[in-house]
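Chemist: using only what follows, build the 3D model:
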Amino acid sequence: PRSASYHHHHRTVNMEGSEGSPSPMRTQVMLHATEKVPQHPFTDHHHINEDVAHIRVCLQKFLDLLPDIIATGQDTYFETMDQGDYYLRPLVFQLQRLLSLSSFFVVGFFGWRWHPIDENVLHQIWALDTKLLEHLKKLDRIIAYVSFKKPMESDGEFFNIVILDDALGKDLWMQNGTHHCAMSISNKFYERVRIHNFNMKSPINPSVKAVDVPFEPRCTTYVSFQHKQTWWRGQRWYLPPPSGVVSWGLVSSRRPLRFGSFMGHVAYSFHKQITHMIGERLGVPVELVPINDIVDQRFQRVKFAQTVRDNIEEYGLDFAFICGVEFHKNHSDLNVIVAPVRAEGRYGDRPVYFADVIVRKEPEDQQGTPKTLEDLRGSVFGCNEMTSYSGYHMIANHLQDNFNVSISDFFMETRMTTSHASSIQQVLSGMVTCAVIDSTILEMEASIPERSEEYRKLHVVHSLGPAPMPPLVCRRYVHPDLISSVRDILVTMHDLPEGSGMLAESGFSKFVPVDEKHYESILTENRWR
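Modeler: Here you go, the predicted model:
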């Protein structure tokens, strides 16, 4: 591959601890253009030439079949071919697109299997393979899929190529439920994998041989499994950043900066405005992934079946808006950048929030509205999720410190609601007596015009806190210059009319820089993790 015109900020990050050399834990490494990790020889950059050679062989066999495929007159084609020394399966989902496009985005997957393989795992793989093909047919940006089983004595045992319209097709596929299932069992089937992303000129020309088709490598991902778990992951990017932009390591001319919002639906529109402004100021494309909504749809009421770290990795996030607890759980993987400041006076111009214990106001002719926490003893408590700092940990700590009781001893029953918004609705409907709500979420929800009248029926019995405001974070590999640029944009936005209006619309006054020390109180107070 052509050498990149810059070097990545190389850092080894222990996923379970501090920075250091690779160890039998989950580790993420960003590799320089020609770097090899001695403990993982399959990262030798020369392998890309070998892999491309295998892909060209596979592609040529596919091209040799193309006249027969065209002759079927069908837009889809499925075949399994046993050629003795290799196994080829060409699948075409959109023949006309394949013939008409001048260039493609290609993902090349190389996998080395564990030996032996458990029979149950094999059955899962074959069942998933059938389901995979059904889903591939439904994704309009995926054009073809060709799998190739190489001889046992060869360097790699199995590989496939997926031909897509563009990189967005890959992103859409990564969000597919079948892809998540495949990822969840791949560590039981493969010992290690190498995944290449390429831009490729169309080879669909009778006078062109696959050996002559130009490949432009974008990035290579390396994954190694130990004890059937992902324990080491590396990535190498080849394309340079856009002209005139600082060398940021991961930013390429075709890859947007990817932000994620973990803070619930009510905060999503604010985060969307923020990320759009960052993209405009930097002059680069950006994306915002609504992680909570995606997780809710995939697992329905069972939120965060994966950890926040898993979601950050899975969706390829560079930056994320997350809660303080999740930052502290993953602080070895993340850099904290800024946090917003609420405009209301109770926050004292600080990047903090409160946890408000809410109840429904009762009519005067009925039983009186609870006035204190003691009035709530023996009632039904609504909890968004037990991992929530504001919704669970803060009230658990307070009850232990002031009443010497646990949540289960203080309340008659605890009902899981899955979100702060749902907790509020269940208090209003009488399904639960009380809930503890992030004050920022409560105030943002109450500011929505169609909800303001309804929210006047709520009464805050007690406020816990303050606690450190959820920050914007980035992954460790993000270049310091990019971090500095994003920080500068956000901490100065209140000085600009557009920025101050955007902040005021959601009830904030500004962003301020924060560091890890700002979140140390969570580590000492989070006793129930």
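Chemist: how much space between residue 268 and residue 33?
Modeler: Using CB to CB, to the nearest Å, residue 268 is found at 37 Å from residue 33. Heads up, the C-betas are built off the backbone N, CA and C, glycines and all.
Chemist: next: residue 66.
Modeler: For residue 66, the distance to residue 33 equals 34 Å [CB to CB].
Chemist: ok, residue 124 next?
Modeler: Plainly put, residue 124 is 37 Å away from residue 33 if you go by CB to CB.
Chemist: over to residue 337?
Modeler: 27 Å.
Chemist: nearest spatial neighbour of residue 350, skipping sequence neighbours?
Modeler: Ranked by CB to CB, 6 or more residues apart in numbering and with sequence neighbours excluded, the top spatial neighbour of residue 350 is residue 341, at 6.5 Å.
Chemist: surely the one you found is within a strand?
Modeler: Yes. Assessed with DSSP: H, G, I helix; E, B strand; the rest coil, residue 341 lies in a strand.
Chemist: 51 is where my numbering starts, stick with that
Modeler: With the count now opening at 51, the last piece we talked about shows up as residue 391.
Chemist: what is the burial count for it?
Modeler: 20 (other CB atoms under 10 Å).
Chemist: check contacts around it.
Modeler: By CB atoms under 8 Å, 6 or more residues apart in numbering, the contact list for residue 391 reads 397, 399, 400, 401, 519, 558, 559, 560, 561, 562.
Chemist: in those residues, find the pair that's most separated.
Modeler: Using CB to CB, the contacts of residue 391 span at most 13.5 Å, a distance reached by 397 and 561.
Chemist: longest helix anywhere in the chain?
Modeler: Scanning the chain for the longest helix, with DSSP state H as the assignment, gives helix 97-121.
Chemist: quick one: mean pLDDT over the helix or strand just after it.
Modeler: Elements were assigned by DSSP states H and E; along the chain past helix 97-121, the next helix or strand is strand 127-128. Averaged across strand 127-128, pLDDT comes to 72.
Chemist: and if you look at stretch 80-91?
Modeler: 80.
Chemist: what does stretch 252-261 give?
Modeler: pLDDT averaged over stretch 252-261 gives 73.
Chemist: now it: buried residues?
Modeler: Neighbour-count burial for stretch 252-261, counted by 16 or more other CB atoms under 10 Å, picks out 253, 254, 260.
Chemist: ok, so of those, who is nearest residue 569?
Modeler: Checking these against residue 569 with CB to CB, the nearest one is residue 253 at 52.2 Å.
Chemist: which SSE is that closest one in?
Modeler: Secondary structure (DSSP H and E) places residue 253 outside all helices and strands.
Chemist: show me which residues of the longest helix of the chain are buried.
Modeler: 97-98, 101-102, 104-109, 111-113, 115-116, 119.
Chemist: CA atoms of stretch 524-540 as CSV?
Modeler: Taking Å, rounded to 0.1, in the frame of the first residue of the first chain, the C-alpha atoms of stretch 524-540 are listed here in CSV:
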residue,chain,number,x,y,z
CYS,A,524,-13.1,10.9,23.2
ARG,A,525,-11.2,7.7,22.7
ARG,A,526,-7.6,7.7,23.7
TYR,A,527,-6.3,7.4,20.1
VAL,A,528,-7.9,10.8,19.0
HIS,A,529,-5.1,13.2,18.2
PRO,A,530,-4.4,15.9,20.8
ASP,A,531,-4.7,18.6,18.2
LEU,A,532,-8.2,17.5,17.3
ILE,A,533,-9.2,17.3,21.0
SER,A,534,-7.9,20.8,21.5
SER,A,535,-9.8,22.1,18.4
VAL,A,536,-13.1,20.5,19.7
ARG,A,537,-12.6,21.8,23.2
ASP,A,538,-11.9,25.4,21.9
ILE,A,539,-15.0,25.3,19.7
LEU,A,540,-17.2,24.3,22.6
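Chemist: right, and residue 260 touches residue 106 too?
Modeler: Yes. In this structure, residue 260 is within contact of residue 106 by CB atoms under 8 Å, at 4.5 Å.
Chemist: next one: stretch 413-432 to chain centre, how far?
Modeler: Relative to its parent chain, stretch 413-432 has a centroid offset of 40 Å by CA atoms, centre = their mean, to the nearest Å.
Chemist: what distance separates the start and the end of stretch 272-288?
Modeler: 14 Å (CA to CA, to the nearest Å).
Chemist: what of stretch 521-534?
Modeler: The first and final residues of stretch 521-534 sit 15 Å from each other (CA to CA).
Chemist: and it, what's buried?
Modeler: Applying a neighbour-count criterion of 16+ other CB under 10 Å, one finds 521, 522, 523, 524, 525, 526, 527, 528, 529, 532, 533 buried in stretch 521-534.
Chemist: picking that back up, make JSON lines from the contacts of residue 391 and add secondary structure to it.
Modeler: Output for the contacts of residue 391, formatted as JSON lines (three-state DSSP):
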{"residue": "397", "secondary structure": "helix"}
{"residue": "399", "secondary structure": "coil"}
{"residue": "400", "secondary structure": "coil"}
{"residue": "401", "secondary structure": "coil"}
{"residue": "519", "secondary structure": "coil"}
{"residue": "558", "secondary structure": "strand"}
{"residue": "559", "secondary structure": "strand"}
{"residue": "560", "secondary structure": "strand"}
{"residue": "561", "secondary structure": "strand"}
{"residue": "562", "secondary structure": "strand"}
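Chemist: from those, pick the one nearest residue 241.
Modeler: Taking CB to CB as the measure, residue 241 sits nearest to residue 519 out of the contacts of residue 391, at 43.4 Å.
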